[in-house]
Structure formats: structure tokens, C-alpha cells
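> With the input below, show me the fold.
(one chain, ligands or ions: 2)
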Amino acid sequence: MNENKLQIKNISCRVNDTQILKNISFEIESGKVVVLMGPNGAGKSTISNVLMGNPKYEVTSGTIMLNGEDITDLPVNEKAKKGLFMSFQSPVEISGITMTNFLRTSYNSLKNTNIQLGEFMKLLKTNMAELGLDSKFRSRFVNSGFSGGEKKRAELLQLMLFEPKYVILDEIDSGLDVDGIKLVSEMLNNILKKRKMGVLIITHYNKILEYIKPDSVIVLKNGEISQTGGIELAHKILESGFNKQ
Ligand SMILES: Nc1ncnc2c1ncn2[C@@H]1O[C@H](COP(=O)(O)OP(=O)(O)OP(=O)(O)O)[C@@H](O)[C@H]1O
Ligand SMILES: [Mg+2]
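Numbers count the residues shown, from 1 in each chain. Ligands and ions are numbered 1, 2, ... in the order given. From the prediction side, this is the model:
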């Protein structure tokens with residue numbers, strides 16, 4: 001059965017003639033949480049960039065299937081419309097564009113609709129309140145001058161508004177204080193309860209795993225999958241490092 005899964009099949013990729021990913025295969029079932037771990041430079045963010053279709057990353061072999069449909073060569077905006085969402089390890093600042101404008105434009109484009117401003121503001125306010133984001137963020141420029149934690153919450157706000165089918169969270173927990181990690185994890189759990197999504201969490205820390213229980217854990221090393229397992233694999237790595245496995 002190919003339905004209701006995001007499948008990564010034998011993906012290899014290079015950037016500027018350097019091979020980075022080698023024959024990566026795994027899948028994220030709808031409703032399941034997969035955790036991706038690995039040392040710095042292993043290729044984790046590269047996987048998210050390739051999944052999302054960043055043109056800098058040249059896919060040299062393999063396919064990406066979303067609910068049975070080959071999306072390997074689709075541009076980023078098409079992938080987003082099909083329900084793929086990625087939160088960036090380092091979200092970009094867009095000065096001159098307010099959060100409200102950015103979010104409403106993206107919302108309309110992704111959902112192929114034209115939501116009235118009043119209706120959108122209501123939706124925005126509810127979601128921002130849930131995330132503990134002050135209402136003044138609505139009129140601030142996208143990520144501009146946001147603290148690390150505020151940027152991560154702004155990413156989650158997009159997740160809540162756009163309601164994607166598959167979500168890649170690249171180090172959503174980095175730069176957050178302990179309360180921030182708890183809040184972000186709880187928000188994510190709430191979203192997962194309300195909506196069936198497949199989630200890929202890229203992380204270096206065990207704090208987030210106290211709140212979010214993954215269905216599987218994948219370890220990447222030098223652009224290849226070196227291990228797969230359950231939560232116990234994550235705990236082992238966080239206790240004794242990547243080299244002792
Ligand atoms: N656009 C790029 N240009 C050149 N090299 C790149 C590019 N993107 C990734 N790489 C290289 O690919 C390798 C994997 O990088 P990647 O960002 O995927 O690692 P990572 O596993 O996410 O690491 P971290 O845990 O530090 O975030 C690194 O050696 C990196 O320098
Ligand atoms: Mg990374």
C-alpha cells in the first residue's frame with residue numbers, strides 16, 4: 001500500500017558536485033512521528049531540503065512519493081500545496097513584509113482560497129494565543145528581530161494555520177529554553193491529536209522526546225542511514241554519543 005505515507009526511496013543527492021546523501025530510504029506514515037538524529041554535518045538538513053525541493057540540492061537518484069504520488073521533481077510551492085511543510089533550522093527574516101500579510105498570502109495560496117481579512121485575523125488571534133505569541137507579532141516583519149524562541153513559535157504558527165499532511169521540523173527545539181521546548185512539544189502534540197499528520201523531527205536533544213513519543217528513530221551518519229530503531233535507540237545515543245553505537 002502506497003497511500004497515506006511520505007516515502008523516501010533510494011535518494012542520493014549532491015550539492016556543488018559534492019555527494020551528500022547516499023541511497024536514503026525511509027518512510028513516514030500519516031499519523032506517525034519519525035525522529036531523525038545524527039552528528040553535525042551528517043546530512044539531516046539536506047534531507048529536509050531535498051524533501052522540500054530546494055533547487056540547490058541536486059537529486060541524482062531515487063524518488064519521493066506523497067500518498068502514492070511521485071513528487072520528486074515538483075517545485076517547492078507545488079509540494080507545499082500537496083501538503084508538505086518544513087520548518088527551517090534557521091528561519092529567514094523578510095523585512096518589509098508583516099507576519100499577517102505573509103501568513104494570509106501563504107494561506108490563500110496553499111489553500112487556493114481568498115479568506116477575508118476579518119476571518120483570517122480571528123484564526124490568527126486564536127492560534128497565536130495558543131502559542132503564547134503576543135498579538136504585536138502580527139504587525140512585525142517576518143522573523144525580523146525575533147528571538148530564537150519566537151522564530152520557532154512563528155514556524156509552529158504556520159504549521160497550525162496551513163494544516164499540512166506531512167511536516168518536517170528541523171531542530172524546532174534548538175535555541176529554546178526548557179519552558180519553550182515544553183510549550184512547543186505540547187502544541188505539537190495538540191496539533192497531532194486534532195489532525196492526522198506524518199511528522200519528521202530532526203533533533204539533537206532528548207528534552208523534546210520527553211514529551212513527544214516517536215514511532216521510529218533513524219540515525220544518519222556521513223549521508224547514510226546507519227541505524228534504525230525505536231525510542232530506546234534515541235536514548236542510547238543521547239547517553240553515549242553516536243560513536244559508541
Ligand atoms: N548548500 C550547500 N553548499 C555546500 N555544502 C552543503 C550545502 N548544504 C549542505 N552542505 C554540506 O552537506 C553536509 C551535510 O549538511 P547538513 O546541513 O545536511 O547537516 P546536518 O546533519 O543538518 O548538521 P547539523 O546537525 O549541524 O544541522 C555538510 O558537510 C554541509 O557542509
Ligand atoms: Mg541541520
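> Give me the neighbour count for the closest residue to ligand 2 within the chain.
Among the residues of the chain, S45 lies closest to ligand 2, at 3.1 Å counting by Cβ to the ion. For glycine as for every other residue, the C-beta is placed from the backbone atoms N, C-alpha and C. Using other Cβ atoms under 10 Å, S45 has 19 neighbouring residues.
> Now do the same contact list for it.
Residues touching S45, when contacts are defined by Cβ atoms under 8 Å, 6 or more residues apart in numbering, comprise Q89, D170, I202.
> which helices and strands sit right next to the helix or strand L188 falls within?
Assigned by DSSP states H and E, L188 belongs to helix 178-194. With contacts taken as 3 or more Cβ pairs under 8 Å, 6 or more residues apart in numbering; DSSP states H and E, helix 178-194 sits against helix 117-131, helix 148-162, helix 207-211.
> how about the closest residue to F146 other than its chain neighbours, what does it touch?
With Cβ to Cβ, 6 or more residues apart in numbering as the criterion, F146 has its nearest non-adjacent residue at 6.3 Å, and that residue is A154. The neighbourhood of A154, defined by Cβ under 8 Å, 6+ apart, consists of P91, M99, L133, F137, V142, N143, F146.
> residues touching the second one, list them.
Contacts were defined as Cβ under 8 Å, 6+ apart; by that measure M99 touches F137, R138, S139, R140, F141, V142, A154.
> From the contacts of S45, which land in helices?
Here DSSP state H is the test, and the contacts of S45 give no hits in helices at all.
> show me which of the residues you listed neighbour ligand 1.
With Cβ under 6 Å from any ligand atom as the criterion, these include Q89 near ligand 1.
> Show me which parts of the helix or strand of the chain with the lowest mean pLDDT are buried, residue by residue.
Of all helical and strand segments in the chain, the minimum by mean pLDDT, DSSP states H and E falls on helix 178-194, at a mean of 88. By neighbour count with 16 or more other Cβ atoms under 10 Å, helix 178-194 contains the buried residues G180, I181, L183, V184, S185, M187, L188, I191, L192.
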